[in-house]
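*Asks:* Following is a predicted model, sequence given first.
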Amino acid sequence: MNLQLSDIVIALILFSLAYAWWRNTAIREQATKSAKQHCQSLHLQLLDESVAGITWRPCLYHGAPAIKRTYKFEFSSSGIARYTGTITYIGAQQTKIWLSPHDI
């Protein structure tokens, strides 16, 4: 079997893409759980039981390269009106959660 450098590069690229997809999926699931817990702690309802990615960009965090991901979700305080919120992760660490003004 003759492996050429191009075969190894293609394999590394495919592996990197698969790992990035797997990692992004894991962080999205973590964001969904965090948003749900935050809403429950404030007696709010997380609508659709999911979050949606809105931004994904590289950044420096404590001098190291990382990926900053922001997810959007919707919640309700009364079951009638929909409000939006965002949750931000840098790497695998949650850094911020924001809820739009809503009825209590």
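*Replies:* Structure's in. What do you need?

*Asks:* Helix or strand: which one has Glu49?
*Replies:* Using DSSP states H and E, Glu49 sits within strand 45-61.

*Asks:* show me where pLDDT drops low in this protein?
*Replies:* 1 (pLDDT under 70).

*Asks:* For it, which segments count as strands?
*Replies:* For the chain, the strands defined by DSSP state E cover 45-61, 64-76, 83-90, 93-99.

*Asks:* Output the strand holding Glu49 in CSV with nothing but the alpha carbons.
*Replies:* C-alpha atoms of strand 45-61 as CSV (Å, rounded to 0.1, in the frame of the first residue of the first chain):
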residue,chain,number,x,y,z
GLN,A,45,-40.8,27.9,29.9
LEU,A,46,-38.2,27.1,27.2
LEU,A,47,-40.1,26.9,24.0
ASP,A,48,-39.3,24.3,21.4
GLU,A,49,-36.8,22.7,23.8
SER,A,50,-33.9,23.8,21.6
VAL,A,51,-31.4,26.4,20.8
ALA,A,52,-30.2,27.7,17.4
GLY,A,53,-26.7,28.8,16.5
ILE,A,54,-26.5,32.4,15.4
THR,A,55,-22.8,33.2,15.4
TRP,A,56,-19.7,31.1,15.3
ARG,A,57,-16.3,32.9,15.2
PRO,A,58,-12.7,32.4,16.3
CYS,A,59,-11.4,34.5,19.2
LEU,A,60,-8.6,34.6,21.8
TYR,A,61,-9.7,33.6,25.3
